[in-house]
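[1] Pasting the sequence and the predicted model now:
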Amino acid sequence: NLFVKYTVTPMHLRWFLTNFVPETVVHSKSQDRRIVREHYDRGNDFFEWFLGERMVYTSAFFENVRGPILPALARAHGLDYSRLAGFVSAGSIAAFLLSASAIRFLASVPLKGFLFAALAAQGAGALLAGLGSGYPALLAAGMLWGGGNTGISMTGNLLAIRGSTPENRPRVLSLLHISYGLGSTVPPLYVAWAINAGWGLAPILEGTLLCLAAVAALGFFLPRGEPPRASSGAAAYGRLAQSRIVTGALAITAYVVGEVLVSTWLVSLLTGDAELNLPSASRRLQAFFLCLAAGRLAAALFLSGTSERTVPTLCLVVSAALVALGLAGFAPGYWLCAFVMAPCYPVMLAAIIRGRTEDSPSILALINASLTVALALGHLAVGKLADAHGLRAALILSPLCLLAGAGFWELRKRCPEAPAKLEPLQTV
């Protein structure tokens, strides 16, 4: 009510009676033709106006709204760190189940349908987290939340991969993931504003549905299309069982776990050990994601074709040191590590996908399945260690994961390069 006032007016009633009811009750082919023309006959110039040259969109808001609301969830449900970790880990479990089934699912379902299913799960998770009662309902909300977010993220990455060439893919993926950094600055700002305005947990989560509505509106403009050419069956799994793909997936997994542990638990750390209030801590998290976006912008501008050889390892080692400095009390370490680690994901993903564009749905599913299992275990470990030794001590897992990522990436360089195209495995 601070921005708009929802009141039924005579114009609404007139529209309902003269437009909505007739078009719902009386259905005709001419009506279908008119609706199809309005949505699909506008041309690329129209879509490029709001989607950009490559007509790519993604979502980052819901994944990172969980961090700022963890203290609010703890107060609302009387949860300790272990149970909070259970809520976040439930999302990782659902994301794993979706990723594990995506290899076959994406072979039979158009990307548009995949996106809308993810949006529905995301919205249901937000509503259940805000309106549900009891810890089991919160775990169910976490599963819907994590599964939906993973589906939206996979959609954005696949669109970026298909709209790029091997030469410019690191820059295109960096540009895509700038939206992750910028989009992730919205939740801390939004939560801080809502808390200051006196909102409760349920209104805060219900307000996030506006973000889903915006993505759904853009999704309607996507042509229905055909299912993507994703590998399926033994052939898909056989092509994934290559040492360079597996070690690359493990490197990305370790990086993501290291980054997400910091971003998810930073607000809880600052409101606990540093004794900041929730709005102040949320603004610190917003600065973290702004630095992440700035780092990916720099990557998009300055990355070269040989970036994969040195950039990931160097960035992972330096960012691990900076996270350790942050945990030791040097607060700017968190923001500097966000800037330094920013190029890692797009550079590593582009290197793994090179020469295997048709297998990109399967490779993304493998990466997501791996990292979601690791995230679930990481959050549970943080919760247990935090209850026993304090959250600051528990988050030492973050720099350790970043160093592990550097090790896996160096190991990948030593693995033999297999042909991008392999013959399908013979099944008996």
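    Now that the structure is in, tell me what you want to look at.

[2] neighbours around E410, how many?
    14 (other Cβ atoms under 10 Å). C-beta here means a position set from N, CA and C on the backbone, and glycine is covered the same way.

[3] could you say which helix or strand contains it?
    Following DSSP states H and E, one finds E410 within helix 397-413.

[4] Can you list the buried residues in that helix?
    Neighbour counts using 16 or more other Cβ atoms under 10 Å place 397-409, 411-412 of helix 397-413 among the buried residues.

[5] Looking at those, which one is closest to G329?
    For the buried residues of helix 397-413, the residue nearest G329 by Cβ to Cβ is P399; the value is 14.6 Å.

[6] With Y345 as the reference, measure out to G295.
    Using Cβ to Cβ, to the nearest Å, we find G295 at a distance of 11 Å from Y345.

[7] With neighbour numbers in mind, choose between the two.
    Neighbour tally, G295 and Y345, criterion other Cβ under 10 Å: the higher count belongs to G295, 25 against 22.

[8] Give the closest residue to that one in space, chain neighbours not counted.
    The spatially closest residue to G295, leaving aside those adjacent along the chain, is A342, at 2.6 Å (Cβ to Cβ, 6 or more residues apart in numbering).

[9] The one you found contacts F289, doesn't it?
    No. In terms of Cβ atoms under 8 Å, A342 does not count as a neighbour of F289; the distance is 10.2 Å.

[10] Of these two, which one has the most company?
    Set A342 next to F289 and count neighbours by other Cβ under 10 Å: A342 wins out with 28 against 25.

[11] Quick check: phi and psi at the more buried one.
    The phi and psi torsions at A342 (degrees, to the nearest 10) take the values phi -50, psi -40.

[12] pLDDT wise, what is it at?
    pLDDT for A342: 89.

[13] can you tell me which residues contact it?
    Taking Cβ atoms under 8 Å, 6 or more residues apart in numbering, we find A342 in contact with 177, 181, 291-296, 298-299, 315.

[14] ok, then the element right after the helix or strand bottoming out on mean pLDDT in the chain?
    The helix or strand of the chain with the poorest confidence is helix 233-240; it has a mean of 49 (mean pLDDT, DSSP states H and E). Toward the C-terminus, helix 233-240 is succeeded by helix 243-272 as the next helix or strand (DSSP H and E).

[15] Tell me the buried residues in the next helix-or-strand element following that following helix?
    Next in sequence after helix 243-272, counting helices and strands by DSSP H and E, comes helix 278-302. For helix 278-302, burial by neighbour count (16+ other Cβ under 10 Å) applies to 278-279, 281-297, 299-300.

[16] report the angle between the axes of helix 278-302 and helix 243-272?
    Note on geometry: by axes from the mean of the first three to the mean of the last three Cα atoms, to 10 degrees, helix 278-302 and helix 243-272 are set 150 degrees apart in direction.

[17] Report all helices and strands that helix 278-302 contacts.
    Under the contact criterion of 3 or more Cβ pairs under 8 Å, 6 or more residues apart in numbering; DSSP states H and E, helix 278-302 touches helix 61-77, helix 169-183, helix 186-196, helix 243-272, helix 332-341, helix 344-353.

[18] related to what we said a few turns ago, would you mind pulling the contact partners of the helix holding E410?
    The contact list for helix 397-413 (Cβ under 8 Å, 6+ apart) reads 243-244, 247-248, 250-255, 257-259, 261-262, 309, 312-313, 316-317, 319-321, 323-324, 327, 341, 344, 348, 378, 381-382, 385.
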